[in-house]
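Colleague: here you go, sequence then predicted model.
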Amino acid sequence: MESLDRRIAHVDMDAFYASVELLRYPHLRGLPVVIGGRSTQAPRQLPDGSWHLARLGDYVGRGVVTTSTYEARQLGVFSAMGLMKAAQLAPQAILLPADFHAYRHFSRLFKQAVATVSDRIEDRGIDEIYVDLSHRTEDSLVLAEQIRHAVNQATGLTCSVGVTPNKLLSKIASELNKPNGACVLTMEDVPTRIWPMSVGKINGIGPKSFQKLAGLGIHQIGELAAAPAELLQEHFGLRYARWLMAVSRGQDERPLSTERTPKSTSRETTFERDLHVRQDRARLSAVLQALCEQLEQDLRKSGMCAQTIGVKLKFEDFKIVTRDLSLPVPVLASEAILAAARQNLKRAVLDRRLRLLGVKASALLPISELPPEQPRQLNLDGLF
């Protein structure tokens, strides 16, 4: 049984990458803005004071959306969507290049700000954390507002905070009053606030399980909570069925992982000769797959999984390029690592021969943080 005194906050930055960019270009607030593209030009101010802005409809290439503002999301543009498809939905949206150096800087600032309220923090990636507030005596809503205020004062950005007895509910709660909101829930609120939601709101129910539940006539979390245990076990197996039954009732006993753990692990190889992206594609593909398989073995040995996957490229002129992708759920399997690595490669300009190729796993978490069934990865064949 979970402690009645346990209070866990989930702090989620609002449209993080886009919000950082809007600090730099405040005149773009309220407009549909998309971050992404391998060769997107940054806005530049003209002599007359006006701005030259890249538009999504003018983009040509195979890049993907890193993130988008809420105004762009209302037009159907979301992260991981191909930019060409996004351009069809919102051609007039403004397109900005990603600046991961700036994002990491603001990530450090917001986490330092939250630590002034409670330093019992589990890092979940560049834009979200869990915080244990159980030792504080103040009201939960007061603490949530303290966190929001501290983050805004330190960064100029907004965040949304959910406070509940566990990580599962807190992650859901932080979404309920987005953006720039706070939500406090208790176990008594589960029937009225959680059960009417779609089962897809539960982190760990992927597309395949969502479709299978729909086939059983189970669409809402409350319907899942009322489903016979025998039915769930028949279709999902004993372990996953038990997990479904627990989370549908808002139960989650996972502790916060606040100990310092290795931040990253990586594998890379330097080629005997510089390889051409097209002419040596078969060799590059085999090397990339092998690196991902080795990375999975390294993660398993350390008992970790990864929230972020990156690639490292060293070209024939010795220039080094890196690309990173933060994932919605942690991954461990080499197939999932490979899919994320390929997505990163689509965001790099591969116009020279390669001397070195590497794959990196970061934002590491204990393997216990893996959902019982990982969501299906995007089909990203076509690069390496």
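Modeller: Sure, I can see it. Residues are numbered from 1 along each chain as shown.
Colleague: any low-confidence regions in the stretch 151-300 of the chain?
Modeller: Applying pLDDT under 70 to the stretch 151-300 of the chain picks out residues 259-262.
Colleague: which residues in it form helices?
Modeller: Remark: helices assigned in the stretch 151-300 of the chain by DSSP state H, counting those that start in this stretch are 167-176, 207-215, 221-226, 229-236, 238-248, 281-302.
Colleague: nearest to residue 314, out of the ones you listed?
Modeller: Between residue 314 and the helices of the stretch 151-300 of the chain, the tightest spacing by C-beta to C-beta is seen for helix 281-302, at 13.2 Å. C-beta coordinates here come from the backbone N, C-alpha and C atoms, glycine included.
Colleague: related to what we said a few turns ago, from the helices of the stretch 151-300 of the chain, which stretch is densest packed?
Modeller: Sort the helices of the stretch 151-300 of the chain by mean neighbour count, taking mean count of other C-beta atoms under 10 Å, and helix 167-176 sits at the top with a mean of 22.
Colleague: counting by contacts, list what it packs against.
Modeller: Packing contacts for helix 167-176, counted by 3 or more C-beta pairs under 8 Å, 6 or more residues apart in numbering; DSSP states H and E, involve strand 8-13, strand 159-164, strand 182-184.
Colleague: just the ones you listed: most buried one?
Modeller: Of the helices and strands packed on helix 167-176, the one with the most neighbours on average (mean count of other C-beta under 10 Å) turns out to be strand 159-164, with a mean of 27.
Colleague: so how far is that one off the chain centroid?
Modeller: Centre-to-centre, strand 159-164 and its host chain are 17 Å apart (C-alpha atoms, centre = their mean, to the nearest Å).
Colleague: mind listing the strands it pairs with, and their directions?
Modeller: The strands beside strand 159-164 in its sheet (DSSP bridges) come out as strand 8-13 (antiparallel), strand 182-184 (parallel).
Colleague: so which of those is nearest residue 276?
Modeller: Residue 276 sits nearest to strand 8-13 of all the strands paired with strand 159-164, at 40.3 Å, using C-beta to C-beta.
Colleague: on that earlier part again, now the strands paired with strand 159-164 in JSON lines, with distance to residue 332?
Modeller: Formatted as JSON lines, those follow (distance: least, C-beta to C-beta, whole Å):
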{"stretch": "strand 8-13", "distance to residue 332": "22"}
{"stretch": "strand 182-184", "distance to residue 332": "31"}
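Colleague: can you list the buried residues in stretch 114-128?
Modeller: Going by neighbour count (16 or more other C-beta atoms under 10 Å), the buried part of stretch 114-128 is 114, 117, 118, 120, 121, 122, 123, 124, 125, 126, 127, 128.
Colleague: what about that stretch, average pLDDT?
Modeller: With pLDDT averaged residue by residue, stretch 114-128 scores 91.
Colleague: hang on, the earlier thing: so which of the helices and strands packed on helix 167-176 comes closest to residue 44?
Modeller: Checking the helices and strands packed on helix 167-176 against residue 44 by C-beta to C-beta gives strand 8-13 as the closest, at 27.1 Å.
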